[in-house]
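Asker: I'd like to go over a predicted model; first the sequence, then the structure.
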Amino acid sequence: MNSKNSFGGVTVNDNHGSLGIGSDQTIVNINQTAKELSANLIREIKASDIPDTTKKELEESINEIDKQVNSGSPNKITLTGILSGINAVINTINNSPSLIETFTKWKDFIIPLVGK
């Protein structure tokens, strides 16, 4: 989706990007951050000592959350349900501090999107 923004005779075309006008503008690309955190979490899950079926389910759930986050209008009920399920599984894993730390960073990023 392209946007066309006109400011006092100056037209700026925006092609899926962020646009900041004026001083002291800060733009954060949420989609990239979510992808990076999700990729790190999936990497930790794959390296962990949990059953392969659980790894697959966690990865699918994380990918669904990414899909929701990147949709532009995430379904908060879906996000809440999936996040709750992932949280329940991760809470049973206590032999991987690195996985738990990575999950916590990822969850802390996702929770504001859910509105909690």
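Answerer: Right, received. Where do you want to start?
Asker: which secondary structure element contains the spatially most central residue of the chain?
Answerer: Closest to where the C-alpha atoms of the chain average out (C-alpha atoms, centre = their mean) is A34, at 3.1 Å. Using DSSP states H and E, the secondary-structure element containing A34 is helix 30-47.
Asker: buried residues in that helix?
Answerer: If you call a residue buried by 16 or more other C-beta atoms under 10 Å, then helix 30-47 has these buried ones: 34, 37-38, 41-42, 44-45. (Each C-beta comes from the backbone N, C-alpha and C, glycine too.)
Asker: what is the burial count for L99?
Answerer: 22 (other C-beta atoms under 10 Å).
Asker: same question for I100.
Answerer: I100 sits with 15 neighbouring residues when counted by other C-beta under 10 Å.
Asker: okay, the angle between the helix or strand harbouring it and helix 30-47?
Answerer: Under the criterion of DSSP H and E, I100 resides in helix 97-114. Here helix 97-114 runs at an angle of 150 degrees relative to helix 30-47 (axes from the mean of the first three to the mean of the last three C-alpha atoms, to 10 degrees).
Asker: residues in contact with the helix holding A34: which ones?
Answerer: 55, 58-59, 62-63, 65-66, 69-70, 96, 98-99, 102-103, 105-106, 109-110 (C-beta atoms under 8 Å, 6 or more residues apart in numbering).
Asker: quick one on the thing from earlier: for the helix holding I100, enumerate the helices and strands it packs against.
Answerer: Where contact means 3 or more C-beta pairs under 8 Å, 6 or more residues apart in numbering; DSSP states H and E, helix 97-114 is packed against helix 30-47, helix 52-70, helix 76-91.
Asker: which residues does the spatially closest residue to S96 that is not a sequence neighbour contact?
Answerer: Taking C-beta to C-beta, 6 or more residues apart in numbering, and ignoring the residues beside it in sequence, S96 has S48 as its nearest neighbour in space, at 4.8 Å. Contacts of S48 were listed using C-beta under 8 Å, 6+ apart, and they are 55, 93, 96, 99.
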